[in-house]
Every structure is written in structure tokens, then in C-alpha cells.
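Engineer: Pasting a predicted model and its sequence here:
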Amino acid sequence: MATITIPKTEYQQLLKKALRYEYLRQTMEEDIFTSPPVRDVEKILQEFKETNLYSQKFLNSLKRGLKRSSCFGK
């Protein structure tokens with residue numbers, strides 16, 4: 001086996017690309033078209049609120065988006 005030397009920055013770029021590709025490949029193997037396990041908008045919003053990580057503005061935006069969604073809308 002031959003040894004090839006490349007600059008560290010080029011190695012890091014190649015490694016990042018390989019990891020992104022692997023993540024994308026794994027994601028595409030999953031069934032991305034299944035229905036979400038929880039479809040209750042209010043329950044989802046409550047769980048987000050309980051984390052205390054999200055602003056009220058974000059939560060309002062999330063609520064509007066979920067209500068517009070064909071998966072969650074009523």
C-alpha cells in the first residue's frame with residue numbers, strides 16, 4: 001500500500017464531506033414518509049414550552065406552522 005501525504009486542511013475537508021455523506025445516506029435509508037408519532041398540536045407545543053428553551057415568538061411561529069401542515073392541521 002502506498003502512502004499519500006496531503007495537507008491537514010484538505011484532510012479535514014475530505015473528512016467533513018465523508019461524514020456529511022454518511023449522515024445523508026443513513027437518513028435516506030429511514031422511512032421519512034411515515035406519519036409523526038404525535039399529531040396533537042397543543043401537546044407538541046406544551047412539550048416545547050416545558051423545556052424553557054424557546055421564546056414565545058418561536059412557539060407562536062411553530063404553532064402556525066403546525067396548524068398549516070397537512071400532518072398536523074385539523
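Structural biologist: All right, it came through fine.
Engineer: in the protein, which spans are helices?
Structural biologist: With DSSP state H as the criterion, the chain has helices at 8-29, 41-50, 56-68.
Engineer: Let me have these in a markdown table, extended by distance to M1 and mean pLDDT.
Structural biologist: Placement of C-beta: from N, CA and C, glycine included. Output for the helices of the chain, formatted as a markdown table (distance: least, Cβ to Cβ, whole Å; pLDDT from 0 to 100):
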| stretch | distance to M1 | mean pLDDT |
| --- | --- | --- |
| helix 8-29 | 17 | 93 |
| helix 41-50 | 52 | 95 |
| helix 56-68 | 52 | 95 |
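Engineer: Turn those helices into CSV, including distance to S35 and mean neighbour count.
Structural biologist: Formatted as CSV, those follow (distance: least, Cβ to Cβ, whole Å; neighbours: other Cβ atoms under 10 Å):
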stretch, distance to S35, mean neighbour count
helix 8-29, 18, 10
helix 41-50, 14, 12
helix 56-68, 14, 12
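Engineer: Now render the ones you listed as JSON lines, adding distance to A2.
Structural biologist: Formatted as JSON lines, those follow (distance: least, Cβ to Cβ, whole Å):
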{"stretch": "helix 8-29", "distance to A2": "16"}
{"stretch": "helix 41-50", "distance to A2": "53"}
{"stretch": "helix 56-68", "distance to A2": "53"}
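Engineer: Can you give me the pLDDT of K74?
Structural biologist: pLDDT, K74: 54.
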